[in-house]
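A structural model of the following input is requested.
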Amino acid sequence: MFGLGGKSLTLGAVGASISSSGAILLGRRVACDAHKDCRPVRVVTHAHYDHILGLERSLRYCRKVVMTPATRDILQVLRGVDLRIGKVSALNYGERLELPDGVLELRYADHIIGSAQVLLETENGTRIAYTGDFKFPGTPALDVDVLVMEATYGAPNHVRPPRHIIERMFTELVEQQLSNGPVCILGYHGKLQEVMQILFDSEVWAPVILPKKVLEVSKVCERYGMRLGDYIAWNSEEARELIARRQPYIALHHINSRSRIDVDAPRIYLTGWEFRAPVRKISDREYVVALSDHADFPGLLAYVEEAKPKLVITDNYREGYAKTFARELERRLGIPAKPLP
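Residues are numbered from 1 along each chain as shown. Presented below is the predicted three-dimensional model:
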């Protein structure tokens, strides 16, 4: 039960909840970021693994599977399935999907390419939104009654230095390492392409070598407007020659990759869990950079302040600090908040 406006309301009455399997439930028909039986509409907010849970079941059983065109194209690369046909509905930002109990829209979220917030306006005029993962500032705060949101970095001590300082120190570190030879950067899909764009915009000139999946995702990102500069495939003749000669180059790998282009090269890990410094040396040839595609605690709080919801539900299924952030919202802003499930 929620206390809202002097009334006690059930989860069903507020029109939003989170299932034990991680599905964000909006209205009576929509499930986001995980499959839920008896929900005919599935929304995928972006292509990271913890937001595509049960996608195969949704493709089989749901009437519609909704995502942005960029998310669809990235998932085609990562999952090896053709999502341009069948039940997949690729919605552009602001495009409306009429449902029996309301209108669904995808709104821009600054996270990885193709990321979306989900807005449902019900038949009685209630506006319910789910943020998905996002950075703030950079993501438009939605004017809603009920807000379901991520809380990955929801503890008050989760505060990072200003973004421009992190980016500047990151590029300086890369240039310093390149003066001695190759450097390896490790992160997640989307974040890897973001650092490619940072290095390109900062005019860090060095050959960029990519394994197959990272290269294919990079091509999708370029189709949707990212500027990544030149890059070559890791198994190309040019790449093999660079590696053999130990010439300076930048290799980008997924953080969970078992293979490495050059095991002797310095490694730079991109992580949102670094709060002590923009760049920190953790061993003789390893560094962490506090480059995140999520809002830190002040960013999460500022989003809610701008959105002014009557009720907040924090996502306690995915990694993060949903319980802590819900308490802080009630204490600091006086907005009813509940972590679920």
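
could you report the neighbour count for E172?
When neighbours are defined as other C-beta atoms under 10 Å, E172 has 14 of them. For the C-beta atoms, the positions are set from N, CA and C on the backbone; glycine is no exception.

that one: helix or strand, and which one exactly?
helix 163-178 (DSSP states H and E).

against which helices or strands is that helix packed?
Secondary structure elements in contact with helix 163-178, counted by 3 or more C-beta pairs under 8 Å, 6 or more residues apart in numbering; DSSP states H and E, are strand 183-187, helix 191-201, strand 267-270, strand 279-283, strand 286-289.

so what does the last one touch, helix or strand wise?
Helices and strands touching strand 286-289, by 3+ C-beta pairs under 8 Å, 6+ apart, are helix 163-178, strand 267-270, strand 279-283.

out of those, which is the most enclosed?
Among these, the stretch with the highest mean neighbour count (mean count of other C-beta atoms under 10 Å) is strand 267-270, at a mean of 21.

what does it contact?
The set of residues external to strand 267-270 that reach it, using C-beta atoms under 8 Å, 6 or more residues apart in numbering, is 170, 173-174, 177, 183-188, 191-192, 195, 255, 285-289, 291.

show me the shaky parts of the protein.
In the predicted model of the chain, residues 1-13, 258-262 satisfy pLDDT under 70.

domain ranges for it, per the record?
Domain segmentation of the chain under automatic domain parsing yields 2-157+294-340, 163-289.

mind listing what whichever helix or strand Q117 is part of pairs with, with the direction of each?
Using DSSP H and E, Q117 sits within strand 116-122. Note on strand 116-122: by DSSP bridges, its sheet partners are strand 102-108 (antiparallel), strand 127-130 (antiparallel).

need the contact list for Y61.
By C-beta under 8 Å, 6+ apart, the residues touching Y61 are H35, D37.

from G80, how far off is it?
Counting by C-beta to C-beta, to the nearest Å, the gap from Y61 to G80 is 21 Å.

can you map out the helices along this protein?
Under the criterion DSSP state H, the chain contains helices at 11-14, 55-61, 69-79, 163-178, 191-201, 212-223, 237-245, 297-307, 322-333.

for those helices, give me CSV that also has distance to G272.
Output for the helices of the chain, formatted as CSV (distance: least, C-beta to C-beta, whole Å):
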stretch, distance to G272
helix 11-14, 30
helix 55-61, 24
helix 69-79, 20
helix 163-178, 11
helix 191-201, 9
helix 212-223, 19
helix 237-245, 29
helix 297-307, 11
helix 322-333, 15
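
out of those, which comes closest to D101?
Among the helices of the chain, the nearest to D101 by C-beta to C-beta is helix 11-14 (12.6 Å).
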